[in-house]
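Chemist: let me see the structure of the following:
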Amino acid sequence: MLWGIVLAAHAACTSFAGLAICRTLLGVFEACVAPILVLIIAMWYKKEEQGRRVSWFYVCNSITQIVGGAVAYGASFAHGSFASWRIFYIAIGALTVVCGALVAFLLPDSPVRAKRFTDGEKVAALLRVRANQSGTQNEHLKKSQILSALKDTRVWLICLATMLTSIPNGGISNFSSILLTTFGYTSQQALIMSMPAGAIGVVFVLFSGWLSDKLNDRSIVMFICILPTILSAALMIGLDPKGIPLNKSGLLAASFLSGTFGAAFMLLLAWNASNVAGHTKKVTVNALTLVSFALGNILGTQTFQQKEAPGYISGKFSIIVTLGLLSFVIVGLRLMNDRLNKQNEAKLSEIPQTEQKAMREKMAFADRTDRENVFFKYTH
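Modeler: Numbers count the residues shown, from 1 in each chain. Below is the predicted model of the structure:
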């Protein structure tokens, strides 16, 4: 709700200082959203259900690209004393406040706090996710779990993968409309032309979430999401090498594919939901992931330099390089997950079968980290 209020307040800004303050506050209030949603999904759903659930909230980014493009296009025809961009900020800000109020009243943060559930239903909800071996909500901040997160190589690889995903995002999200104008479209046409990319993003995010759950494999699906964007950047370089479009239709098709990599970040969030145990460790890992996302977006804005307009060759090359590096990090994470699973299996083989069932039940909600629980299984 506070984010929506600040967004609407942009309409009152008359200077760069005012806009800078509002933009900073937007980042402050937005920072908690994705980490909290990932935590909630991890508490409510089985591992094989989490990819789809993460995709359902993350797909809203692509939906807003469609709706936002339509609203911005309509507002661009308003030629009164009140600037069209101010109308846009007020409309979206008001809608966000309403949405925030609904979430505050209707969304329970964990099964044990679901006010509309009976005690029996709360227990049933907890038993559903027992096999996750990742615990549920714990109100005590555990220093040991924070240290576990900071010492975990997997966590830093996730942060690196997140940064490599968000560097292209910082460039594409901020310069996509500008790139479209270099293809020969007007600013108004660019607003409409950005909508199909959002529609393709919707399809990729939802399909990726579903497929990763069906295959019980996040990494393979990430590659499916990354490849079209690499192809897109290569086409934009080949068809527009010096800012002079050689094939307008081909460049437009390339721009439509530029956002498919966004689904890879969604799967990284799903990986966090499935592959981290211990409430404090989950909170820490999700926070580090979003810090990495923010840093990557900051770096991404510097990849498209005004001095290289209208070709922006370095910016387009940076997309290929960062996503290429991301592919190697994903392979590294997959291999590490496999190794950790084999280590846990080896430890389990030393425990008598008669003792394993009781230990499994005990560890399910013991709020242990994934490294402390031999029954924990990492998703690929």
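Chemist: okay, now residue 356: neighbour count?
Modeler: 13 (other CB atoms under 10 Å). The way it works is simple: take the backbone N, C-alpha and C, and place the C-beta from them, glycine included.
Chemist: hmm, it is touching residue 348, no?
Modeler: Yes: with contact defined as CB atoms under 8 Å, residue 356 reaches residue 348; the gap is 6.8 Å.
Chemist: ramachandran angles for residue 108?
Modeler: Torsion angles at residue 108 (phi, psi; degrees, to the nearest 10) stand at phi -80, psi 140.
Chemist: how about it: what's its closest non-neighbour residue?
Modeler: Nearest residue to residue 108, sequence neighbours excluded (CB to CB, 6 or more residues apart in numbering): residue 114, at 3.9 Å.
Chemist: now do the same for the one you found: its pLDDT.
Modeler: If you check residue 114, the pLDDT there is 78.
Chemist: pull the contacting residues for it.
Modeler: 108, 121, 122, 125 (CB atoms under 8 Å, 6 or more residues apart in numbering).
Chemist: okay, and the second one sits in which element?
Modeler: Element membership of residue 121 [criterion: DSSP states H and E] is helix 119-128.
Chemist: in that helix, which residues are buried?
Modeler: Across helix 119-128, burial judged by 16 or more other CB atoms under 10 Å covers 122, 125, 126.
Chemist: run a quick neighbour tally on residue 220.
Modeler: Using other CB under 10 Å, residue 220 has 14 other residues around it.
Chemist: how about it: what's its closest non-neighbour residue?
Modeler: residue 380 is the one closest to residue 220 (CB to CB, 6+ apart), at 7.5 Å.
Chemist: so how far is the host helix or strand of residue 345 from its chain's centroid?
Modeler: Counting by DSSP H and E, the element that carries residue 345 is helix 313-349. Averaging C-alpha positions (CA atoms, centre = their mean, to the nearest Å) puts helix 313-349 17 Å from its chain's average.
Chemist: likewise stretch 153-160?
Modeler: With CA atoms, centre = their mean, you get 15 Å for stretch 153-160.
Chemist: who's in contact with residue 48?
Modeler: 213, 216.
Chemist: what does residue 50 give?
Modeler: For residue 50, the contact set (CB under 8 Å, 6+ apart) comprises 41, 42, 213, 270, 273, 274.
Chemist: and the gap between it and residue 39?
Modeler: For residue 50, the distance to residue 39 (CB to CB, to the nearest Å) stands at 11 Å.
Chemist: quick one: low-confidence parts of the protein?
Modeler: Within the chain, the stretches with pLDDT under 70 are 72-73, 75-84, 132-139, 174-187, 243, 245, 311, 364.
Chemist: quick one: the strands in it, in order.
Modeler: With strands called from DSSP state E, the chain shows none.
Chemist: so which bits of stretch 212-231 are buried?
Modeler: Buried-residue list, stretch 212-231, by 16+ other CB under 10 Å: 212-213, 217-219, 221-222, 224-226, 228-230.
Chemist: same check, this time on stretch 254-268
Modeler: 254-268.
Chemist: just to revisit the earlier point, can you redo the contacts of residue 114 as CSV with distance to residue 64?
Modeler: Output for these, formatted as CSV (distance: CB to CB, whole Å):
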residue, distance to residue 64
108, 25
121, 34
122, 34
125, 30
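Chemist: what two of those residues are the furthest from one another?
Modeler: The span of the contacts of residue 114, defined through CB to CB, is set by 108 and 121 at 11.2 Å.
Chemist: for residue 66, see how far away residue 130 is.
Modeler: 39 Å.
Chemist: ignore what I typed, I meant residue 161.
Modeler: The gap separating residue 161 from residue 66 is 27 Å, by CB to CB.
Chemist: kindly report the same for residue 367.
Modeler: The value you get for residue 367 to residue 66, if CB to CB is used, is 41 Å.
Chemist: comparing those two, which residue is more hemmed in?
Modeler: Ranked by neighbour count (other CB under 10 Å), residue 367 and residue 66 place residue 367 first, with 20 against 17.
Chemist: for the more buried one, grab phi and psi.
Modeler: Dihedral angles for residue 367 - degrees, to the nearest 10 - are phi 60, psi 50.
Chemist: going forward, count from 365.
Modeler: Understood, numbering begins at 365; the last thing we discussed is residue 731.
Chemist: and it, how far from residue 650?
Modeler: With CB to CB as the criterion, residue 731 and residue 650 are 16 Å apart.
Chemist: check residue 388 too.
Modeler: 21 Å.
Chemist: so which of the two has more stuff around it?
Modeler: Higher neighbour count among residue 388 and residue 650: residue 650, with 24 against 11, using other CB under 10 Å.
Chemist: surely the more buried one meets residue 402?
Modeler: Yes: the criterion here is CB under 8 Å, and residue 650 meets it with residue 402 at 5.4 Å.
Chemist: what touches both of the two?
Modeler: With CB under 8 Å, 6+ apart as the test, residue 650 and residue 402 both reach residue 636.
Chemist: could you pull out the helices for the stretch 565-714 of the chain?
Modeler: Listed from the start of the chain, the stretch 565-714 of the chain has helices (DSSP state H, counting those that start in this stretch) covering 583-603, 612-621, 626-639, 643-664, 677-713.
Chemist: surely residue 434 is in contact with residue 562?
Modeler: No: the pair residue 434 and residue 562 fails to qualify as a contact (CB under 8 Å) at a distance of 9.8 Å.
Chemist: looking at those two, which one has more neighbours?
Modeler: Remark: of residue 434 and residue 562, residue 562 carries more neighbours, 21 against 14, as counted by other CB under 10 Å.
Chemist: tell me how far the closest residue to that one other than its chain neighbours lies from residue 416.
Modeler: Nearest non-adjacent residue to residue 562, counting by CB to CB, 6+ apart: residue 429, 3.2 Å away. The spacing between residue 429 and residue 416, counted by CB to CB, is 21 Å.
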